[in-house]
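> take this sequence and fold it.
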Amino acid sequence: MQHKPNFRNVFRKLIALLYALRLSLHTLRGEVANRWQTPSQIVVASGIAIFLLCGGCRKTVAPPGELLFAAEVAAQAPLQLADIDTMRTRIVIDKSDYRLHLYEGDRLLRTYPMVLGFEPIGDKCREGDGRTPEGKFHIRTKYAHAKWSKFIWLDYPTDESWQRFNARKAAGEIPATASIGGDIGIHGVPEGRDEIIFDRQNWTLGCISLQRAHVDELYALIRTGTEILIQP
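Numbers count the residues shown, from 1 in each chain. Predicted coordinates:
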């Protein structure tokens with residue numbers, strides 16, 4: 001049975017998204033009003049957003065706790081770039097948790113929510129399979145992107161990627177005519193579409209996607225050659 005649109009629920013959903021986004025943006029810019037300065041107050045504000053979002057809605061916008069996590073990320077103090085050695089930063093991506101972790105050596109600097117290729121489970125086997133590759137990579141280069149704010153280009157396929165690819169071909173797991181693919185990177189979302197991350201919409205062809213403000217921050221903290229570990 002099809003459900004008729006409920007415009008009151010749609011309105012609640014929109015208000016919740018705008019509320020959470022406003023809180024996130026203001027906190028990242030250091031512009032949070034006095035009434036939302038403490039962690040407990042930020043939790044309360046996030047709870048209100050989640051209540052508005054879920055009340056009467058047939059389907060939630062994000063998995064449980066995702067909006068609260070996004071608010072916690074936004075509430076973190078701005079990083080002091082001058083105090084961070086970009087020669088020591090590294091990235092760890094946990095695909096199953098939808099998290100990108102940024103470290104300076106062994107010190108955790110940031111954890112960002114992220115999404116993946118349209119087939120999020122499993123290692124990339126071939127071009128066009130929609131999977132995000134797993135293993136150890138490095139940043140080939142990085143540059144501003146007209147649609148996604150920034151693009152951080154990984155050195156996929158590596159020698160290990162080729163070994164796996166050839167082994168799969170030899171085992172008949174993929175067609176002999178298959179190609180390995182490329183152009184895998186970390187990038188933002190189209191402008192005004194941060195809900196893609198809240199919703200965990202795995203929309204890319206295999207890249208890792210972050211909110212625009214998050215990819216902008218990450219971009220400043222990494223360099224060509226930065227190590228990236230992508231785990232299942």
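> let me see the contact set for the residue lying closest to Asp183 once chain neighbours are set aside.
Using CB to CB, 6 or more residues apart in numbering and skipping residues adjacent in sequence, the residue nearest Asp183 is Trp153, 7.5 Å away. Bear in mind the C-beta positions are built from the backbone N, C-alpha and C, glycine included. Residues counted as contacts of Trp153 (CB atoms under 8 Å, 6 or more residues apart in numbering) are Ile139, Arg140, Thr141, Lys142, Tyr143, Asp183, Ile184, Gly185.
> number of residues surrounding the closest residue to Leu81 other than its chain neighbours?
Nearest residue to Leu81 in three dimensions, chain neighbours excluded: Ala220, at 6.0 Å (CB to CB, 6+ apart). Neighbours of Ala220 under the rule other CB atoms under 10 Å: 13.
> what's the answer for Ala70, then?
Ala70 is flanked by 24 other residues according to other CB under 10 Å.
> okay, it: pLDDT?
pLDDT recorded at Ala70 is 70.
> next: Arg193.
96.
> so where is the protein shaky, pLDDT-wise?
1-64, 67 (pLDDT under 70).
> list the buried residues of stretch 183-196.
Residues of stretch 183-196 classed as buried by neighbour count (16 or more other CB atoms under 10 Å): Ile184, Gly185, Ile186, His187, Gly188, Val189, Arg193, Asp194, Glu195, Ile196.
> got a list of contacts for the helix or strand that contains Arg168?
Using DSSP states H and E, Arg168 sits in helix 159-170. Helix 159-170 is contacted from outside by 123-126, 133, 135-136, 157, 174-176, 178, 180, using CB under 8 Å, 6+ apart.
> just the CA atoms of that helix, as CSV, please.
Taking C-alpha atoms only, helix 159-170 is exported to CSV below (Å, rounded to 0.1, in the frame of the first residue of the first chain):
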residue,chain,number,x,y,z
ASP,A,159,50.8,-3.3,-6.6
GLU,A,160,48.7,-5.2,-4.0
SER,A,161,45.5,-4.1,-5.8
TRP,A,162,46.9,-5.6,-9.1
GLN,A,163,47.9,-8.8,-7.4
ARG,A,164,44.3,-9.3,-6.0
PHE,A,165,42.8,-8.3,-9.3
ASN,A,166,44.9,-10.8,-11.3
ALA,A,167,44.2,-13.5,-8.8
ARG,A,168,40.5,-13.0,-9.1
LYS,A,169,40.7,-13.2,-12.9
ALA,A,170,42.8,-16.4,-12.7
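> in its sheet, what does the following helix or strand past it sit against?
Of the helices and strands lying after helix 159-170 in sequence (DSSP H and E), the nearest is strand 185-187. Take DSSP bridges as the rule and strand 185-187 pairs in its sheet with strand 149-154 (antiparallel), strand 208-209 (parallel).
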